[in-house]
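In: one predicted model, sequence on top.
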Amino acid sequence: MRHSEEAFEAEVRANLRRNYIAYLIHGVLGQTGMRLINAPTFIPAYVHLLSGSDFVVGIARALQYLGMFLTPLVGAKLIESRRRVLPLSLWIGAGMRVQVLGIALAGFFAPDPLRLILVCTFLGFFGLFLGIQGVAFSFMLSKLIPVERRGVLVGLRVFTGGLVSAGVAGLGGWFVAQETLGDGYATTFAVAFLLTASGLVALSWIREPETPTVKARESLPERLRALPTLLRSDLAFTRYFLARAMATMGRMALPFYALSAKGSIGLSGETLAVLSTTFLLSQTLTNLAWGWLADRTGFRLVFLWSLMVWIAATAGALFSTELTHFAVVFGVLGIGFGGFQLSAQNLVLEFGHRDDLPMRIGVASSASELVGAVGPLLAGALAALISYDAVFACSIAFQLGAIAIVVGYVDEPRNRTR
């Protein structure tokens with residue numbers, strides 16, 4: 001056992017430079033489609049344009065998050081008994097990118113109201129593939145990159161990928177204004193697909209060592225029955241994933257920042273470009289700082305600070321009435337949302353033993369995305385029946401609850417190994 005672990009570590013060190021570069025290039029290009037789909041601008045604005053309904057915007061996002069809830073545990077089961085997960089990751093990544101292409105093609109060729117139905121359907125399948133991909137990619141990162149090198153790598157990956165995404169977002173706003181190729185939104189998603197598909201090629205350059213020990217093959221029902229034991233074995237992890245789920249509930253407001261801006265200042269192609277670019281650039285330019293902080297203090301502190309920044313952005317949305325105000329809100333939102341994503345995805349990697357890591361990633365992701373699926377439905381109902389302000393206030397309350405749980409009940413897991 002000791003010899004196999006030493007050989008594994010030696011192979012990780014030998015391929016670290018190559019894998020670091022390949023993972024970075026994949027992030028530069030591969031995240032473009034995911035960022036534009038998940039940004040609180042293009043998809044909400046497009047769905048609202050097609051439907052004219054706040055509640056349908058909530059349904060569209062809920063379908064995506066429902067897919068992301070259903071598949072992480074399946075993904076964990078698929079990879080935890082594999083000594084190499086790269087081949088599966090490539091297939092899952094390809095499936096996710098096909099959904100981005102599907103949204104673009106629906107915009108170009110589908111008639112109304114079929115176009116809206118197809119966009120929502122592709123969003124749901126996008127979420128299904130994304131749920132598995134999140135587990136596989138996080139586990140692969142934990143294998144390939146030592147913990148003290150992950151923060152800067154993830155920050156640099158988000159930084160460079162964000163610059164590309166921000167450029168595409170600015171171009172997308174022009175596409176929307178000009179109705180390029182008949183549908184500016186569809187043209188934006190088509191460009192995103194081309195970039196994100198090319199990023200998948202870089203991922204294939206990775207040299208993945210075989211994992212020294214893996215879980216024995218069990219059926220999914222057997223693994224699910226073992227979850228209570230897994231959760232009881234590390235109460236700090238259990239509290240963390242509950243806090244992460246509460247914080248994710250705050251994501252309910254994301255589709256409605258742009259719609260709130262639309263009610264005050266309109267949402268032309270130029271305005272959409274400004275808000276999208278501001279969001280993505282701020283997220284991009286600050287993730288290196290978040291990564292640097294995480295490497296030195298741990299991801300727990302980044303988790304807390306990023307949520308406080310996100311809350312500040314949401315509070316600002318309550319009082320914004322001009323384009324300048326909303327640009328600041330979207331900028332601060334990008335900073336907080338980027339730090340939250342970076343910390344939430346990486347903090348889970350530092351709890352417990354490696355053999356149980358896929359299932360820990362899966363259960364944390366599933367819990368988050370379950371509330372992520374409920375959140376947009378609740379937000380859509382609140383927006384339709386009360387106001388956008390009610391959506392923002394509810395989001396802030398959930399995120400304050402997440403902060404309270406982490407401050408009071410979750411220690412810094414990195415300190416356990418020092």
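Out: Noted; the coordinates are in hand.

In: identify the residues contacting the residue nearest to the spatial centre of the chain.
Out: Centroid-nearest residue in the chain: Gln341, 6.0 Å away (criterion: CA atoms, centre = their mean). Going by CB atoms under 8 Å, 6 or more residues apart in numbering, Gln341 touches no other residue. Bear in mind the C-beta positions are built from the backbone N, C-alpha and C, glycine included.

In: kindly report the same for Leu86.
Out: Leu86 neighbours (CB under 8 Å, 6+ apart): 140, 203-204, 206, 208.

In: which of the residues you listed are buried? Put it as a PyMOL command.
Out: Here is the PyMOL command that selects only those of these that count as buried (16 or more other CB atoms under 10 Å):
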select buried, resi 140+203+206+208
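
In: in the contacts of Leu86, find the pair that's most separated.
Out: Pairwise distances among the contacts of Leu86 were taken by CB to CB; the largest, 12.5 Å, belongs to Met140 and Ser204.

In: pretty sure Val406 sits against Leu242.
Out: No: in this structure, Val406 is not within contact of Leu242 by CB atoms under 8 Å, at 9.7 Å.

In: more crowded one of the two?
Out: Neighbours per residue (other CB atoms under 10 Å) separate Val406 from Leu242, with Val406 holding more: 23 against 20.

In: so the more buried one, which of the three states?
Out: For Val406, the secondary-structure state derived from DSSP: H, G, I helix; E, B strand; the rest coil is helix.

In: which of the residues in stretch 162-176 are buried?
Out: Residues 162, 164-176 are the ones in stretch 162-176 that count as buried (16+ other CB under 10 Å).

In: redo those residues as JSON lines? Include pLDDT.
Out: As requested, these are exported to JSON lines (pLDDT from 0 to 100):
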{"residue": "Gly162", "pLDDT": "72"}
{"residue": "Val164", "pLDDT": "79"}
{"residue": "Ser165", "pLDDT": "76"}
{"residue": "Ala166", "pLDDT": "75"}
{"residue": "Gly167", "pLDDT": "80"}
{"residue": "Val168", "pLDDT": "79"}
{"residue": "Ala169", "pLDDT": "77"}
{"residue": "Gly170", "pLDDT": "79"}
{"residue": "Leu171", "pLDDT": "85"}
{"residue": "Gly172", "pLDDT": "83"}
{"residue": "Gly173", "pLDDT": "81"}
{"residue": "Trp174", "pLDDT": "87"}
{"residue": "Phe175", "pLDDT": "90"}
{"residue": "Val176", "pLDDT": "87"}
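
In: quick one: low-confidence parts of the stretch 101-250 of the chain?
Out: For the stretch 101-250 of the chain, the stretches flagged by pLDDT under 70 are 147-148, 150-151, 214-216, 218-220, 222-224, 226, 230.

In: just to revisit the earlier point, of the buried residues of stretch 162-176, closest to Thr213?
Out: Gly162 (36.3 Å).

In: which SSE is the closest one in?
Out: helix 147-178 (DSSP states H and E).

In: other SSEs contacting that helix?
Out: Helix 147-178 is packed against helix 16-38, helix 184-203, helix 269-297, helix 323-347, with contacts defined by 3 or more CB pairs under 8 Å, 6 or more residues apart in numbering; DSSP states H and E.

In: so which bits of stretch 253-270 are buried?
Out: Buried-residue list, stretch 253-270, by 16+ other CB under 10 Å: 253-262, 265, 267, 269.

In: who's in contact with that stretch?
Out: 40-41, 43-45, 48, 54, 57-58, 60-61, 173-178, 184, 271-272, 275, 314, 317, 320-323, 326, 329-330, 333, 337, 376, 379, 383, 388, 391-392, 394-395.

In: can I get that stretch in PDB, CA atoms only?
Out: Provided in PDB are the C-alpha atoms of stretch 253-270 (Å, rounded to 0.1, in the frame of the first residue of the first chain):
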ATOM      1  CA  ALA A 253     -32.200  35.500  -7.200                       C
ATOM      2  CA  LEU A 254     -29.700  35.200 -10.100                       C
ATOM      3  CA  PRO A 255     -32.200  35.200 -13.000                       C
ATOM      4  CA  PHE A 256     -33.900  38.300 -11.600                       C
ATOM      5  CA  TYR A 257     -31.000  40.800 -11.300                       C
ATOM      6  CA  ALA A 258     -31.200  41.400 -15.100                       C
ATOM      7  CA  LEU A 259     -35.000  41.400 -15.000                       C
ATOM      8  CA  SER A 260     -34.900  44.000 -12.200                       C
ATOM      9  CA  ALA A 261     -32.600  46.100 -14.300                       C
ATOM     10  CA  LYS A 262     -35.000  45.700 -17.300                       C
ATOM     11  CA  GLY A 263     -37.800  47.200 -15.200                       C
ATOM     12  CA  SER A 264     -35.800  50.200 -14.400                       C
ATOM     13  CA  ILE A 265     -33.500  50.900 -17.400                       C
ATOM     14  CA  GLY A 266     -34.700  48.500 -20.100                       C
ATOM     15  CA  LEU A 267     -32.500  45.700 -21.400                       C
ATOM     16  CA  SER A 268     -31.200  46.500 -24.900                       C
ATOM     17  CA  GLY A 269     -28.300  44.700 -26.400                       C
ATOM     18  CA  GLU A 270     -25.900  47.400 -25.300                       C
END
